[in-house]
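Q: I would like the atomic coordinates for the input below:
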Amino acid sequence: MHIPRPTLRCRRARDPCGFTFLKLRGRYAFTRPKQRECSRAFTLVELIVVIALISTLMVLMAPAFTGIKTAGDVTGAAYTIKDALEQARTYAMAHHTYVWIGFYEEPAGQPSTNPATPGTGRIVISTIASADGTTVYNPRSLAAIDPTRVTQFNKLVKVEGTHLATFPDGSGTGDTFDSRPAAIYETAKIGDATPPNPSLTPFQYPVGNPAPAAQYTFVKAVEFSPRGEARINNRNYTLKTVAEIGLQPTHGTAVDVNSRNVIAIQFGALGGDPKIYRR
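A: Model (predicted):
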């Protein structure tokens, strides 16, 4: 009697990687894919294209980031100076004394030297106050302020990416940079070309008793009297209706002459109240 042999049933399936699975009598076996690869990755050409696109975008975006940074540097410097002027005037009136804010510019991106080296790109700000409430110097015989008769009001402040600049007068008809009130006298401005003559009553940093060696000598300054009066370079010049400090952005030690992000900080001789003007 002939008994037929059972037919073997085979289930065939293919996985995503290309392997062929055979199910035979409950067991699995597989065959290797012939022309397909299991790993899915970028080709060398695709990687080169992506890297080239990223490099191009970085080159195009770099000037924008640089512009944002320089704008931030000048804006930060403006508010730092504005706050320093307000604090100095308030302290002078509250303590019935004289206060001076000096401005010095040195090379940006380099360590400060001792004694300091003049340059471009970093503004150094020092604020001192009379220890005895007097002007310290003799108005009829001007000389350097005695460092043993003053105290350091605030820590030395340094702001990067900013240049002291002298700007033409505004039209005096509005609240923008171009229409700001006119500081019509050179002796009413602190900038790279003003005031025209060095202060006859400079002060130094640091101060103390006995007098330490000077690292900075400030010949551009604003003096506040016990009544809140503000004048440029002490008794060298008379009180002005409008006084101004000009700021311009820099790239390292180079002034950005094409930037429209320029700022003028103005304050009144009698009322103080510094105000920031910008385009």
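Q: where along the stretch 101-250 of the chain do the strands fall?
A: 121-130, 150-152, 157-160, 162-164, 189-190, 203-205, 216-218, 220-224, 230-232, 243-251 (DSSP state E, counting those that start in this stretch).
Q: Point to the residue nearest the middle of this structure.
A: residue 73 (2.1 Å; CA atoms, centre = their mean).
Q: Select, out of the strands of the stretch 101-250 of the chain, the one closest to residue 89.
A: strand 220-224 (4.9 Å; CB to CB). Every residue, glycine included, has its C-beta placed from N, CA and C.
Q: packing partners for that closest one?
A: Under the contact criterion of 3 or more CB pairs under 8 Å, 6 or more residues apart in numbering; DSSP states H and E, strand 220-224 touches helix 44-95, strand 99-107, strand 230-232.
Q: make it 10 Å
A: With contacts defined as 3 or more CB pairs under 10 Å, 6 or more residues apart in numbering; DSSP states H and E, strand 220-224 has these neighbours: helix 44-95, strand 99-107, strand 121-130, strand 189-190, strand 230-232, strand 243-251.
Q: okay, and for the stretch 51-200 of the chain, where does confidence drop off?
A: For the stretch 51-200 of the chain, the stretches flagged by pLDDT under 70 are 57-72.
Q: For my notes, confirm residue 266 occurs in a strand.
A: Yes - counting by DSSP: H, G, I helix; E, B strand; the rest coil, residue 266 is found in a strand.
Q: The residue nearest to the centre of the chain contacts residue 261, doesn't it?
A: Yes - Residue 73 is in contact with residue 261 according to CB atoms under 10 Å; the separation is 9.4 Å.
Q: shared neighbours, these two?
A: Residues touching both residue 73 and residue 261 by CB atoms under 10 Å, 6 or more residues apart in numbering: 247, 249.
Q: With mean neighbour count added, can I get the strands of the stretch 101-250 of the chain in TSV?
A: Converted to TSV, the strands of the stretch 101-250 of the chain look like this (neighbours: other CB atoms under 10 Å):
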stretch	mean neighbour count
strand 121-130	23
strand 150-152	17
strand 157-160	17
strand 162-164	25
strand 189-190	26
strand 203-205	22
strand 216-218	20
strand 220-224	24
strand 230-232	24
strand 243-251	24
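Q: Present those as JSON lines; the columns should include distance to residue 141.
A: Shown next, in JSON lines, are the strands of the stretch 101-250 of the chain (distance: least, CB to CB, whole Å):
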{"stretch": "strand 121-130", "distance to residue 141": "17"}
{"stretch": "strand 150-152", "distance to residue 141": "18"}
{"stretch": "strand 157-160", "distance to residue 141": "31"}
{"stretch": "strand 162-164", "distance to residue 141": "29"}
{"stretch": "strand 189-190", "distance to residue 141": "25"}
{"stretch": "strand 203-205", "distance to residue 141": "16"}
{"stretch": "strand 216-218", "distance to residue 141": "19"}
{"stretch": "strand 220-224", "distance to residue 141": "17"}
{"stretch": "strand 230-232", "distance to residue 141": "18"}
{"stretch": "strand 243-251", "distance to residue 141": "25"}
